[in-house]
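1. everything below, folded, please.
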Amino acid sequence: MLLDRDGTLVEDVPYNGDPEKVRPLPGVRAGLDRLRAAGLRLGVVSNQSGLARGFFTDAQMRAVQARVEALLGPFDTWRVCPHEDADGCGCRKPLPGLVHAAAADVGTVAGRCVVVGDIGRDVAAALAAGAAGVLVPTPVTRPEEVAAAPWVAADFPAAVAEILRRQTAVVPATDPWPGRRGGSGSRVGTVLVVRSDSAGDVLVTGPAIRAVAHTADRVVLLCGPRGRAAANLLPGVDEVITHALPWIDPTPDPVDAADMHALTARLAALDVDEALIFTSFHQSPLPLALLLRMAGVARIAAISDDYPGSLLDIRHRVPTGVPEPERALSLAAAAGHGLPPHDQPTLRLRGDAVPSPPAQLGPPGYVVLHPGSSVPSRACPPEVAVRIARALVDAGHRVVVTGTPDERDLTAAVAGSGALDLGGRTGLGELAGVVAHAGAVVVGNTGPAHLAAAFGVPVVSLFAPTVPFGQWGPYRVPTVRLGDATAPCRDTRAATCPVPGHPCLADIDPADVVAALRLLGVHQDAAPTGTTGADAAGAAVTATGGSAR
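-> Take a look at the predicted model:
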């Protein structure tokens, strides 16, 4: 847990060098004590440009920190940036240097940290480092910062409660199935897991599927035609069955009774011991649960807000806003499945299923620009994508434009004469190989964003707010979000833009994309090393106060 100081832990007194002016915010001490009792290590990450400006001395700053610890208890580390914006350091938030440095101080990495702050810079630094960012607004927090934040809590105690709830939610339940042999943690026979949706939806379910595979002898994945290519890339899957489900597909064919009978017979032939139905928050698992019951499946688990009657043995519920990988992982945990100790809940792909990129791409470090999307409302407007590609090339980046066979005209126009056009020349597996060697990916809310997350490749997310960013944004990977989070399409789930002119993405300035790459530490032809943020953090001042170390 990494925490901003002023406005988050204590009242924001501008350029405070006086310990007597330190006043904790309501509920903070109790919240910190709950976190300590849960075994979480705590650090402070704070911009303090007053030191460079001469408003207080280093000794005064340390005295303030000592007073904070006297009132709020000890912290495991303090990381402070003393610079101004013009200094060009790597540690001043929204740059991620402080987050990487503090994570290293407590023996972990940014992807396993939660950062809590009161302004957009705090959240942006968290995202740029690959950490989770929680915004606790105050009267000085701008509305657009609240709209753009992936996770907003009403106050500090509410943030703590949700952090601890999410931590507990992925711990496997003890003996969740009445009568299941062996109890929680024991091996089970065949488990059917279901995610009948697009490639991106299947990819974000990967950690949950790996959790099931950890305790199952055999995992069968039922997916739709749009997700089959992604299913082939997931570790832990022994067999894939493809069948379109008309209550899930966005453009479904009419329900065919013979087709449903055939699916039911095929499910019965699997002789599964358990079934877990993974869905998005707006989808229902109950039609398939009925077919599974008809197929003789005795134990079925799913997330369902609707009353399931006797269709589900485990009816799991998840609050809105939880990232999709964690949402799915919590269902697996409710059914008694958890990841092995060495595995973290990040997205991963099978190494043997991802080919090397084409030789024409040259060495790693290029920038992938993926302008299209299977959902039109999430696609970057073509004219904006053209300007972005031109700006990236002008800034010295090697640019690779990708897209589906149906997007060949789009990718050719975007690539122009300065970028390499791979439109229509990569399946999902080949695209994964291209992404794996990229320095960064510039993409909307679509499958390649999740491919990037699976390889730890930084993402500039051109995110249309039709669905919540905190739920569908790139997971645990360094990210900068661009686009208007306050646009009228917000939370509409619209597949086609309901607002003329596509305002959420149409006003993106290509210069902001170039700047986002700099913030992520991605420079011209820079290969991803995973150490960019840590190197940048070398300029940060480590300030110890009280028991801090």
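
2. lowest-pLDDT helix or strand in the protein?
-> Least confident element among the helices and strands of the chain, by mean pLDDT, DSSP states H and E: helix 532-536 (a mean of 35).

3. using the three-state scheme, assign the spatially most central residue of the chain.
-> With distances taken as CA atoms, centre = their mean, Tyr475 lies nearest the centre of the chain, 1.9 Å away. The three-state label given to Tyr475 by DSSP: H, G, I helix; E, B strand; the rest coil is coil.

4. now the end-to-end length of stretch 329-339.
-> 9 Å (CA to CA, to the nearest Å).

5. tell me how far stretch 167-176 lies from the chain's centre.
-> 21 Å (CA atoms, centre = their mean, to the nearest Å).

6. show me where the stretch 401-549 of the chain has helices.
-> Remark: helices assigned in the stretch 401-549 of the chain by DSSP state H, counting those that start in this stretch are 408-415, 428-436, 447-455, 469-472, 503-506, 510-519, 532-536.

7. surely Arg226 meets Arg195?
-> No - applying CB atoms under 8 Å as the test, Arg226 and Arg195 come out as separate, 10.7 Å apart. Where C-beta positions appear, they are placed from N, C-alpha and C, glycine not excepted.

8. so between the two, which is more surrounded?
-> The neighbour count for Arg226 versus Arg195, taken as other CB atoms under 10 Å, is higher for Arg195 (28 against 21).

9. before we move on, the earlier item: any chance of CSV for the helices of the stretch 401-549 of the chain, columns distance to Thr108 and mean neighbour count?
-> CSV is the format used below for these (distance: least, CB to CB, whole Å; neighbours: other CB atoms under 10 Å):
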stretch, distance to Thr108, mean neighbour count
helix 408-415, 39, 20
helix 428-436, 24, 23
helix 447-455, 18, 28
helix 469-472, 22, 22
helix 503-506, 35, 21
helix 510-519, 22, 18
helix 532-536, 12, 22
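
10. looking at those helices, which is closest to Leu290?
-> helix 469-472 (26.9 Å; CB to CB).

11. what mean pLDDT does the closest one get?
-> The predicted model assigns helix 469-472 a mean pLDDT of 96.

12. hmm, who's touching it?
-> Residues outside helix 469-472 that contact it (CB atoms under 8 Å, 6 or more residues apart in numbering): 148-151, 281, 320-324, 327, 445, 461, 463, 481, 485.

13. please identify which of these is nearest to Phe455.
-> Ser461 (15.4 Å).

14. show me the contacts for that closest one.
-> Ser461 neighbours (CB under 8 Å, 6+ apart): Val443, Gly444, Asn445, Ala449, Phe469, Gly473, Pro474, Thr479, Val480, Arg481, Leu482, Gly483.

15. so which residues of the stretch 101-250 of the chain form strands?
-> Remark: strands assigned in the stretch 101-250 of the chain by DSSP state E, counting those that start in this stretch are 114-117, 132-135, 188-195, 216-223, 239-242.

16. any chance of those in TSV, with distance to Val435 and mean pLDDT too?
-> What follows is the strands of the stretch 101-250 of the chain, written out as TSV (distance: least, CB to CB, whole Å; pLDDT from 0 to 100):
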stretch	distance to Val435	mean pLDDT
strand 114-117	26	98
strand 132-135	22	98
strand 188-195	21	96
strand 216-223	21	97
strand 239-242	22	97
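
17. mind putting the ones you listed in JSON lines, distance to Gly501 included?
-> Shown next, in JSON lines, are the strands of the stretch 101-250 of the chain (distance: least, CB to CB, whole Å):
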{"stretch": "strand 114-117", "distance to Gly501": "33"}
{"stretch": "strand 132-135", "distance to Gly501": "28"}
{"stretch": "strand 188-195", "distance to Gly501": "34"}
{"stretch": "strand 216-223", "distance to Gly501": "35"}
{"stretch": "strand 239-242", "distance to Gly501": "38"}
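
18. quick check: chain neighbours aside, which residue is closest to Gly50?
-> Distances taken as CB to CB, 6 or more residues apart in numbering place Tyr15 nearest to Gly50, at 3.6 Å, with adjacent residues excluded.

19. right, and the one you found touches Phe56 too?
-> Yes - using CB under 8 Å, Tyr15 is in contact with Phe56, at 6.5 Å.

20. more neighbours, these two?
-> Phe56 (17 against 14).

21. so the closest residue to the more buried one other than its chain neighbours, which of the three states?
-> Among residues not flanking Phe56 along the chain, Gly17 sits closest, at 2.7 Å (CB to CB, 6+ apart). Three-state secondary structure (criterion: three-state DSSP) places Gly17 in coil.

22. okay, now Gly17: neighbour count?
-> Around Gly17 there are 18 residues (other CB under 10 Å).

23. now it: how far from Val140?
-> 20 Å (CB to CB, to the nearest Å).

24. who's in contact with Ala125?
-> Applying CB under 8 Å, 6+ apart, the residues contacting Ala125 are Val45, Lys93, Pro94, Leu95, Pro96, Leu98, Val99, Val115, Gly117, Gly133.

25. and with 7 Å instead?
-> Counting by CB atoms under 7 Å, 6 or more residues apart in numbering, Ala125 touches Lys93, Pro94, Leu95, Pro96, Leu98, Val99, Val115.

26. now it. Nearest residue, chain neighbours left out?
-> In space, Ala125 is closest to Lys93, 4.0 Å off (CB to CB, 6+ apart).

27. is it true that the one you found touches Asp122?
-> Yes - between Lys93 and Asp122 there is a contact at 6.1 Å, judged by CB atoms under 7 Å.

28. all helices of the stretch 251-400 of the chain, in order?
-> Counting by DSSP H, counting those that start in this stretch, the helices of the stretch 251-400 of the chain are 257-270, 286-294, 324-334, 382-394.

29. most neighbours per residue, which of these?
-> Mean neighbours per residue, mean count of other CB atoms under 10 Å, is largest over the helices of the stretch 251-400 of the chain for helix 324-334, with a mean of 25.

30. re earlier: out of Lys93 and Asp122, which sits in the more crowded spot?
-> More crowded of Lys93 and Asp122, by other CB under 10 Å: Asp122, with 31 against 25.

31. mind checking how far the more buried one is from Pro405?
-> For Asp122, the distance to Pro405 - CB to CB - is 42 Å.

32. distance of Asp306 relative to Ala332?
-> According to CB to CB, Asp306 stands 21 Å off from Ala332.

33. which regions of the stretch 151-300 of the chain lie under the pLDDT threshold?
-> The model of the stretch 151-300 of the chain has pLDDT under 70 over residues 178-186.
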